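Q: next input, structure requested:
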Amino acid sequence: MADLHAETSSEEEETSMDALDEIPQAGGLYTESSDEENNTPATKGDIKSLLRDIRKMFQADLAILREDMLSLTGRLKAAEETSAHLKAEQTTLAAEQKRLSASQATMTLKLTECEDRSRSKNIKIRGIPTTIDKNELPQYVGRLLQQILPHKQAKNILVDNIYRIRRQGRQPQQASSDIILQLVTHLDKTAIMAAVRDLPVLAFERHNLTFYNDLSKPTMQWRQTMRPITSVLRRKKIPYRWGTPRSLQITAEGITHTMHSPEEGQLFLTQQGFLTQREVRRGSPRRPQWDVDNIAPFEPRRDPHQPEANPGD
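A: Got it, this is the predicted structure:
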């Protein structure tokens, strides 16, 4: 019985081992034949075949890369050509813009000159209150001319038109605004301006009046930039006069010098020795940023010997 039991146990163990050998593994069944194939060393032909496959794979990838590089090279060349073309166009446009800017400056100067010449017979009178309406202005100006000129000369003054300039911004109803006196001849204007030249403020009918040349806005702005030069000339008592178009004529030692910019005026004052060493070290006078529309309203100086003006008069 013991021998029979031992034989039966050995048969069951053999059967179990055979069943274990038949269990599938990851990657396939482990059999004696597959083990033999895996353990077989690779031949020279197998290695050549593998290298041949790798070479084909890399050749395909390199062909794709070569096509991409050729495409990028073409695009880069086209971009370089476009850039060169744009650079040439930019150079041409810059030169054209410079030429157009110069032409625009010349045209602006000529238009300003024409506007100033059309205003050359006008006189701007500041200080006449708005309570004097347009119907009363001719009589008011007539009385004014009779005060500043001899009676006979005042009667011969030919006036073309008198009108009030529109006020800038909001101002009180009683505030004064500028009056434009349009004359027929330059001689009449010269006579009037000569009569009031030494009067910074003219007291007339309890109003303080000042007289100015009627200038265009660009000319007014340009003259403001020349103020540092003219202030030195007045302080040194050097005669000067305004020229057309946009020039400052300075007379020194019997010679007339024409200036067109603050820089030219600074150079002239330095060469003539009209500036102190301290003023020279400061450099060129700065151009003030003037905005004519935002200049504070003019407040004339009052004559201490005259009564205070009544806005309602």
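
Q: quick one, domains of this structure?
A: If you go by automatic domain parsing, the domain ranges for the chain are 50-117, 119-214, 216-297.

Q: rebuild those as a markdown table, extending it with distance to Ala42, mean neighbour count and mean pLDDT.
A: Yep, even glycine has a C-beta here, placed from its N, CA and C like the rest. Output for the domains of the chain, formatted as a markdown table (distance: least, Cβ to Cβ, whole Å; neighbours: other Cβ atoms under 10 Å; pLDDT from 0 to 100):
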| stretch | distance to Ala42 | mean neighbour count | mean pLDDT |
| --- | --- | --- | --- |
| domain 50-117 | 8 | 11 | 89 |
| domain 119-214 | 100 | 15 | 87 |
| domain 216-297 | 89 | 14 | 77 |
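
Q: quick one: the strands in the stretch 201-313 of the chain, in order.
A: With strands called from DSSP state E, counting those that start in this stretch, the stretch 201-313 of the chain shows them at 202-204, 207-213, 240-243, 247-252, 255-259.

Q: pairing partners for the first one, with directions?
A: Which is strand 202-204. strand 207-213 (antiparallel) (DSSP bridges).

Q: out of the strands of the stretch 201-313 of the chain, which gets nearest to Ile180?
A: When those are compared by Cβ to Cβ, strand 207-213 sits nearest Ile180, at 10.2 Å.

Q: could I have the CA atoms of the closest one written out in PDB?
A: Presented in PDB, the C-alpha positions along strand 207-213 are these (Å, rounded to 0.1, in the frame of the first residue of the first chain):
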ATOM      1  CA  HIS A 207     -10.700 153.400 -21.000                       C
ATOM      2  CA  ASN A 208      -7.100 152.300 -21.100                       C
ATOM      3  CA  LEU A 209      -6.200 151.500 -24.700                       C
ATOM      4  CA  THR A 210      -3.200 149.900 -26.300                       C
ATOM      5  CA  PHE A 211      -2.300 149.700 -30.000                       C
ATOM      6  CA  TYR A 212      -0.800 146.700 -31.800                       C
ATOM      7  CA  ASN A 213       0.000 145.500 -35.300                       C
END
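
Q: quick one on the thing from earlier: ok, which of the strands of the stretch 201-313 of the chain comes nearest Glu136?
A: Comparing the strands of the stretch 201-313 of the chain by Cβ to Cβ, strand 207-213 comes nearest, at 12.9 Å.

Q: ok, back up a step: adding distance to Thr43, write the domains of the chain out as a markdown table.
A: Formatted as a markdown table, those follow (distance: least, Cβ to Cβ, whole Å):
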| stretch | distance to Thr43 |
| --- | --- |
| domain 50-117 | 11 |
| domain 119-214 | 104 |
| domain 216-297 | 93 |
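
Q: how close does Lys98 get to Ala105?
A: Going from Lys98 to Ala105 by Cβ to Cβ, to the nearest Å gives 11 Å.

Q: what touches both of the two?
A: Shared contacts of Lys98 and Ala105, defined by Cβ atoms under 8 Å, 6 or more residues apart in numbering, are not found at any residue.

Q: picking that back up, which one of the domains of the chain lies closest to Pro41?
A: Closest of the domains of the chain to Pro41 is domain 50-117, at 13.8 Å (criterion: Cβ to Cβ).

Q: Three-state assignment for Leu144, please.
A: Of the three states, Leu144 takes helix according to DSSP: H, G, I helix; E, B strand; the rest coil.

Q: what's near enough to touch the closest residue to it other than its chain neighbours?
A: The shortest distance from Leu144 to any non-neighbouring residue, by Cβ to Cβ, 6 or more residues apart in numbering, is to Phe204 (5.6 Å). Phe204 sits next to Arg143, Leu144, Gln147 when contact means Cβ under 8 Å, 6+ apart.

Q: quick check: bridge partners of Phe204?
A: When bridges are called by DSSP bridges, Phe204 pairs up with His207.

Q: please tell me how far it sits from Val196.
A: Distance of Phe204 to Val196, computed by Cβ to Cβ: 10 Å.

Q: and Gln221, by the same measure?
A: Taken as Cβ to Cβ, the span from Gln221 to Val196 is 24 Å.

Q: got it, and Arg117?
A: When Arg117 is compared with Val196 (using Cβ to Cβ), they lie 22 Å apart.

Q: ditto for Lys110
A: Separation of Lys110 from Val196 (Cβ to Cβ): 31 Å.

Q: who touches stretch 107-119?
A: Asn213, Asp214, Leu215, Ser216, Pro218, Thr219, Thr244, Pro245, Arg246.

Q: export the strands of the stretch 201-313 of the chain to JSON lines and tack on distance to Asn122?
A: As requested, those are arranged in JSON lines below (distance: least, Cβ to Cβ, whole Å):
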{"stretch": "strand 202-204", "distance to Asn122": "18"}
{"stretch": "strand 207-213", "distance to Asn122": "8"}
{"stretch": "strand 240-243", "distance to Asn122": "15"}
{"stretch": "strand 247-252", "distance to Asn122": "20"}
{"stretch": "strand 255-259", "distance to Asn122": "25"}
